[in-house]
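# next comes the sequence, and after it the predicted model I'd like to discuss.
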Amino acid sequence: MSQNHAKSALITHPVCLQHEMGPHHPESPSRLYAVLNALENAGLAKQMQRVDAPPASEATLTLAHDADYVASIFAAAPTHDYAYLDPDTSMNIFSLEAARRAAGAVVEGVDRVMSGINRNAFCAVRPCGHHATYDHAMGFCIFNNVAVGARHAIVACGLQRVAILDFDVHHGNGTEDIFHDDDRVMLCSSFQHPYYPGTGADTGNAHIIPTPLAARTGSAAFRRAIAASWFPALHDFKPELIIISAGFDAHRDDPLAYLDLVEDDYVWITREILTMADLYAEGRVVSALEGGYNLTALGASAAAHVSVLIGAAP
């Protein structure tokens, strides 16, 4: 089946709904329920090929992480209650499998778009990943899902140029940590600054493209900033694959940040990403869920994003 006619993949797994970090934690199973329900209710899920996310092996995880760190996470997995990895990030009895499948989803997505089975993929998974550094969990993240997928694309698929595009409201510090000295991966990251985790505004280089944004930036200034910083860099880089860290917490209704975006901004940026992918990457895009904490806004924003991926957006 050609990529032009292949369906988009929806890669997820039920165990991602069982990972939780305690009562009242903002990164809760209800987030993924909101996304999946929104895709169902909008009629988008039925237009996609649903795929169970496989678990990433320890060896696959060490493509992006220190082997001792990966082993420590496996060893820390609790048999009851919670194991705390940092003040914001903990594991329950399902978290290790959920984290392995979240990373495995992106690897599966890469394999499927590289082989032409699917034209692109949306990984509806949790825990999220872009704050996980080479050797530390932080910010609700255990393994860096997009980083594992990008390294897999290089090592297993032989790619020379992979772009990770991160529009989560928080800086993808973990992704930058992993790829800061690896120019086979371009990271373009937009984020509210100053804000958690406080990094990124002045740590770029030729292949790390930071786009720090002030609170209350809003739609028009967001789009101008992306067009000015990301697009020229991507045209020069000519990525063979694009992986998206799809965080929807820059939405104006999100309780954890203040960039004031709306659903149409996610339609716009997804269209622009697909245009770039069509130019240089044979349309190959793998998107992975990151943040988003207002359930209504998260569901609507994810549906807007996916509608473009599958060609259903007006």
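Here it is on my side, so go on.
# doesn't His130 make contact with Gly172?
Yes. Using C-beta atoms under 8 Å, Gly172 is in contact with His130, at 3.8 Å. Heads up, the C-betas are built off the backbone N, CA and C, glycines and all.
# who has more neighbours, these two?
Taking neighbours as other C-beta atoms under 10 Å, Gly172 and His130 compare with Gly172 leading, 36 against 30.
# which ones are touching the more buried one?
Going by C-beta atoms under 8 Å, 6 or more residues apart in numbering, Gly172 touches His130, His131, Ile164, Asp166, Leu187, Ser189, Phe191, Gly200, Ser245.
# try 10 Å
Neighbouring residues of Gly172 by C-beta atoms under 10 Å, 6 or more residues apart in numbering: 129-132, 139, 141, 144, 146-147, 164-166, 178-179, 187-191, 197, 199-200, 208, 210, 245, 247, 290.
# for Gly172 and His130, list the residues in contact with both.
Taking C-beta under 10 Å, 6+ apart as the contact rule, Gly172 and His130 both touch 139, 141, 144, 146-147, 164, 166, 178, 187, 189, 245, 247, 290.
# out of those residues, list just those in helices.
When those are checked against helices (DSSP state H), the matches are Val146, Ala147, Ile178.
# most neighbours, which of these?
Of those, with other C-beta under 10 Å as the count, Val146 tops at 36 neighbours.
# isn't it up against Ala288?
Yes. Between Val146 and Ala288 there is a contact at 5.4 Å, judged by C-beta atoms under 10 Å.
# returning to what we had before: make TSV from the shared contacts of Gly172 and His130 and add distance to Val70 and pLDDT to it.
Formatted as TSV, these follow (distance: C-beta to C-beta, whole Å; pLDDT from 0 to 100):
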residue	distance to Val70	pLDDT
Gly139	18	98
Cys141	14	98
Asn144	11	99
Val146	16	99
Ala147	13	99
Ile164	20	99
Asp166	22	99
Ile178	13	98
Leu187	21	98
Ser189	24	98
Ser245	20	99
Gly247	24	98
Glu290	21	98
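# among those, which one lies nearest to Leu96?
Leu96 has its nearest neighbour among the shared contacts of Gly172 and His130 in Cys141, at 13.8 Å by C-beta to C-beta.
# quick one, what contacts the closest one?
Cys141 touches 27, 85-86, 88-89, 99, 102, 126-133, 172-175, 290-291, counting by C-beta under 10 Å, 6+ apart.
# that older thread, I'd like the ones in helices among the shared contacts of Gly172 and His130 laid out as CSV, including distance to Gly299.
Formatted as CSV, those follow (distance: C-beta to C-beta, whole Å):
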residue, distance to Gly299
Val146, 21
Ala147, 26
Ile178, 30
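# closest to Pro239 out of the residues you listed?
Pro239 has its nearest neighbour among these in Val146, at 13.2 Å by C-beta to C-beta.
# helices or strands up against the helix or strand Ala228 falls within?
Assigned by DSSP states H and E, Ala228 belongs to helix 218-237. Counting contacts by 3 or more C-beta pairs under 10 Å, 6 or more residues apart in numbering; DSSP states H and E, helix 218-237 is packed against strand 162-166, strand 185-192, strand 208-213, helix 263-280.
# which one is Val51 nearest to, not counting chain neighbours?
Closest residue in space to Val51, ignoring its immediate chain neighbours: Ile11 at 4.6 Å, by C-beta to C-beta, 6 or more residues apart in numbering.
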